[in-house]
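Trainee: what follows is a protein structure lacking sequence information:
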């Protein structure tokens, strides 16, 4: 079937045309109305456009009894609590809320519980264990709260049925000031503080009878907030790592994914809402805050763009041919003619790749860099015409018939050793074209042809750069800088949809940071699982593969794939390697890497292939 639209009764859309497909990963924070009273350690609950906050501290050790209600744009002061307190647990709505336990100053934690009916607060049954820094959630008449601090962190958990508190199974790890929300039968508590290691990453899931340890959050912290409806739908944000945090993570019942950061770093905030419609208010940044921010995302659902759809008349079923990248494997290819590292690569797949430049094994004092160029057809490497300028730590972009080579270190060196030279490959020869605006090496190349590419940062002489240049086929233009200063990153994509990952920050230290480029600005997205520098990148911005690299204590063979939302570890290389940008592949299903250091220079070539499989589409 050549036209999907001819499938009767079906509307076939792509990820680009279906605006809801992005889900939580595309959510963003925006400014909301400011509270009347700046404070931290306050309680709160409700929805994004109908929330309440109560109590708090301005600053410690004092406690407050003020309450405010939010209507989606502004806060209104209403009747106060009966007992001023801070670090309480909270649940419910703007017409039926509950504030649980907490601490007054300078007293120890209290067991008092107050119930809100939309007009005033009424004292109700006390909890069994007085504590502060407890978290949980649910409704006014059915909720659970776990953990907290008495004279030390505790693991106690209690369930409320509207009239009595019942002790239930304890948390596995005693802790306080966690993030969390949900219901009395489906809840998540994440991170928090324990002694002797304050900032935790541990997460526990409540199923109505017991707590189970599940996947840890990416960033350990305490005094964070959470929003969500169950133990499979959760958003956590703010907190103290230290320092105070803007980080936001989303939980889908299996994994935590970094999503958009808050604008204001702070801890001890109040929260309300759900995973895709959350509110954060107050807290402490450099001072007590009255700020509110709103997180909004499209309705979340799972959508897969797997492959080509066809109809099988024999089985009377729709089929899809797919290439699931996590099932890909590495296999040995033909070695390069020489072992080398600090080389560059270009090409579309593991049967159409190009290698150029680098440093041989061993380099000679008179010729530490090479101009050699080779093309790989999936079976053999063939020597072709050399670069005009010998160099190493250069970058490449494009294909075997249409490529760019730019930057790097040359011999003899230009001033401090870095270069501005750009050369263009037409399938036969290299020709010098317009120079970069800024000389650099260890820069990163992004692009699928010689008429559009990005040169992202690198070394500008002896300094590390965040500057980025765009190639339009004839000249380089400075565009928006990366958010984080680093070099030796892995990268892939195009000059309108690129992504860079990892790298070395000026410590020296390896980074897990990832940034995406939309043609005008860089945005931080989900971090790598393994921090590293000098790795190889391939694929697309939504099917990005990062291979090898270096991070203490040594050289990596790790391979990770990004699906546009999160990173997954897949099959490792056979030969760990780094200081190597020799890689090719403009899809996530076919890639090749060559050269590098392991830690001595290597000629090894490895090919990544994803098998094609068929599966049935079940319509229900």
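Mentor: That came through fine. The shown structure was predicted, so the numbers you read here are calculated from the model rather than taken from an experiment. Numbers count the residues shown, from 1 in each chain.

Trainee: every contact and neighbour count from this point should use C-alpha atoms.
Mentor: Fine.

Trainee: gap between residue 404 and residue 562?
Mentor: To residue 562, residue 404 is 26 Å away according to C-alpha to C-alpha, to the nearest Å.

Trainee: more neighbours, the two?
Mentor: Remark: of residue 404 and residue 562, residue 404 carries more neighbours, 31 against 23, as counted by other C-alpha atoms under 10 Å.

Trainee: that one in helix, strand or coil?
Mentor: Three-state call for residue 404 (DSSP: H, G, I helix; E, B strand; the rest coil): strand.

Trainee: likewise for residue 353?
Mentor: The three-state label given to residue 353 by three-state DSSP is strand.

Trainee: next, count neighbours for the nearest residue to it once chain neighbours are set aside.
Mentor: Spatial nearest neighbour of residue 353, excluding adjacent residues (C-alpha to C-alpha, 6 or more residues apart in numbering): residue 347 at 4.2 Å. Neighbourhood size, residue 347 [other C-alpha under 10 Å]: 29.

Trainee: for residue 347, what are its contacts?
Mentor: With contact taken as C-alpha atoms under 8 Å, 6 or more residues apart in numbering, residue 347 is in contact with 353-354, 397-400, 448, 583-586.

Trainee: out of those, which is nearest to residue 68?
Mentor: Of all these, residue 586 has the smallest distance to residue 68: 53.3 Å, by C-alpha to C-alpha.

Trainee: just checking, that closest one touches residue 540?
Mentor: Yes. At 6.1 Å, residue 586 counts as touching residue 540 under the criterion of C-alpha atoms under 8 Å.

Trainee: intersection of neighbour lists for these two?
Mentor: Common neighbours of residue 586 and residue 540, counting by C-alpha under 8 Å, 6+ apart, are 492-493.

Trainee: need the contact list for the residue nearest to residue 224 when sequence neighbours are not counted.
Mentor: Leaving aside its chain neighbours, residue 224 sits nearest to residue 239 (3.8 Å; criterion: C-alpha to C-alpha, 6+ apart). Neighbour list for residue 239: 221-225, 245-246, 266-269 [criterion: C-alpha under 8 Å, 6+ apart].

Trainee: same thing but 6 Å
Mentor: By C-alpha atoms under 6 Å, 6 or more residues apart in numbering, the contact set of residue 239 is 221-224, 245, 267.

Trainee: what of residue 534?
Mentor: Residue 534 sits next to 488-489, 549, 578-579 when contact means C-alpha under 6 Å, 6+ apart.

Trainee: I'd like those residues as CSV, with secondary structure appended.
Mentor: Formatted as CSV, the contacts of residue 534 follow (three-state DSSP):
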residue, secondary structure
488, coil
489, coil
549, coil
578, strand
579, coil
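
Trainee: closest one to residue 170 out of those residues, please.
Mentor: Nearest to residue 170 out of these is residue 549 (C-alpha to C-alpha; 42.5 Å).

Trainee: how many residues are close by the nearest residue to the closest one once chain neighbours are set aside?
Mentor: Distances taken as C-alpha to C-alpha, 6+ apart place residue 535 nearest to residue 549, at 3.8 Å, with adjacent residues excluded. Counted with other C-alpha under 10 Å, the neighbours of residue 535 add up to 30.

Trainee: which SSE is residue 226 in?
Mentor: In this assignment (DSSP states H and E), residue 226 forms part of strand 225-230.

Trainee: got phi/psi on residue 325?
Mentor: Reported as degrees, to the nearest 10, the phi and psi values for residue 325 are phi -60, psi -40.

Trainee: can you read off the pLDDT for the residue nearest to residue 549?
Mentor: At residue 535, the model reports a pLDDT of 92.

Trainee: for residue 545, see how far away it is.
Mentor: Using C-alpha to C-alpha, residue 535 is found at 10 Å from residue 545.

Trainee: and if you look at residue 52?
Mentor: Using C-alpha to C-alpha, residue 52 is found at 44 Å from residue 545.

Trainee: residues in contact with residue 394?
Mentor: Going by C-alpha under 6 Å, 6+ apart, residue 394 touches 406-408, 441.

Trainee: can you lay out those residues as TSV showing distance to residue 103 and neighbour count?
Mentor: Listed next are those as TSV, based on distance: C-alpha to C-alpha, whole Å; neighbours: other C-alpha atoms under 10 Å:
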residue	distance to residue 103	neighbour count
406	62	28
407	61	31
408	61	31
441	57	29
